[in-house]
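S.K.: generate a structure from the sequence data that follows.
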Amino acid sequence: MKRAVVRGEENPAGRLRMRPNTFGEFLRKARIAKHMPRNSLATLTGLSEKTIAGFESNQSVPSATEIGKLAPLLGLEKRDVLIRAGCINREGTFEGQE
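M.R.: You can find the predicted model right below:
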C-alpha cells in the first residue's frame, strides 16, 4: 500500500496532490489556447469529458498517467505539466521537499 505524502507526490489512491486552483486553471487555459473543445481533448486522451471537466474545476486531480496523456496534446513535456501544475519545482523535486 502506498503512503499518503506531501503535495506533489502520489497518495494511496495514486493521485497527485496539487495546489488548489492551479492545475484546473492551467489545463483549461492550455486547452483553450490550443482551440480544443473539451470533448476533443477527452476523445484524444481516452478520458471522459466528465473527467476533464473535473480536472478543470479542481474537483479531481489527474494521476501521473493521466498527466502523461494530457501533456503532449498541450504541446508540453510531462515534466513541464507537473511544474505548471505546481507538483514539482523547476529542479524536479516535489514541492515541500528540501
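
S.K.: any stretches of this structure with poor pLDDT?
M.R.: 1-22, 86, 92-98 (pLDDT under 70).

S.K.: can we see that at 90?
M.R.: Where the chain drops to pLDDT under 90, the residues are 1-27, 29, 57-65, 67-68, 74-98.

S.K.: could you pull out the helices for it?
M.R.: 23-33, 38-45, 49-56, 64-73, 78-84 (DSSP state H).

S.K.: now tabulate the ones you listed in CSV and tack on mean neighbour count and distance to Glu91.
M.R.: Every C-beta, even on glycine, is put in place using the N, C-alpha and C of the backbone. Formatted as CSV, the helices of the chain follow (neighbours: other Cβ atoms under 10 Å; distance: least, Cβ to Cβ, whole Å):
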stretch, mean neighbour count, distance to Glu91
helix 23-33, 17, 19
helix 38-45, 16, 28
helix 49-56, 18, 25
helix 64-73, 17, 18
helix 78-84, 18, 10
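
S.K.: mind listing what the nearest residue to Phe26 once chain neighbours are set aside touches?
M.R.: With sequence-adjacent residues excluded and distances taken as Cβ to Cβ, 6 or more residues apart in numbering, Phe26 is closest to Arg84, at 5.1 Å. The contact partners of Arg84, by Cβ atoms under 8 Å, 6 or more residues apart in numbering, come to Phe23, Phe26, Leu76.

S.K.: so how far is Phe55 from the second one?
M.R.: Separation of Phe26 from Phe55 (Cβ to Cβ, to the nearest Å): 10 Å.

S.K.: same question for the first one.
M.R.: In this view, Phe23 and Phe55 are 7 Å apart by Cβ to Cβ.

S.K.: overlap in contacts, these two.
M.R.: Counting by Cβ under 8 Å, 6+ apart, the residues touching both Phe23 and Phe55 are Val61, Pro62.

S.K.: wait, isn't Lys34 in contact with Gly75?
M.R.: Yes - proximity of Lys34 to Gly75 meets the contact threshold set by Cβ atoms under 8 Å, at 7.1 Å.
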